[in-house]
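[1] no sequence on this one, just coordinates:
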């Protein structure tokens, strides 16, 4: 009975991962590739549009999914690590210029 439950759990995890990868691929091909064509000719505005309106929310949803998954498996340290580093990466995706400016100002902040 216990072995059968493990097999069912493994099958469901594989099914979810395969469906998620197919969905992400189709989403990418349909929406992100299509928006590049209609984006403004200015490359900076186009990249900001794609990062802020598409990549950051998708990344945020994936991070939340992984954190919930780790917490449900009682892997607290991994969950908090994903949450912490995912938040840093999310902030960098959302506003890369702001993060780089704040890092460049650290030297003057500490008086070096």
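    On my side now, so go ahead. Keep in mind it's a predicted model, so treat the numbers as computed, not measured. Residues are numbered from 1 along each chain as shown.

[2] where does this structure dip in pLDDT?
    1-2, 4-5, 7-43, 112 (pLDDT under 70).

[3] can you give me the helices for it?
    Using DSSP state H, the helices of the chain run over 2-27, 33-38, 43-50, 56-72, 76-94, 96-104, 106-109.

[4] what's the burial count for residue 82?
    21 (other CB atoms under 10 Å). In this view, the C-beta of every residue, glycine as well, is placed from N, C-alpha and C.

[5] Sorry, wrong one. I was asking about residue 66.
    15.

[6] Leaving out the residues flanking it, which one is nearest to it?
    Excluding the flanking residues, the one nearest residue 66 by CB to CB, 6 or more residues apart in numbering is residue 82, at 5.1 Å.

[7] wait, the one you found sits on residue 67?
    Yes - here residue 82 reaches residue 67: they are 5.3 Å apart, a contact under CB atoms under 8 Å.
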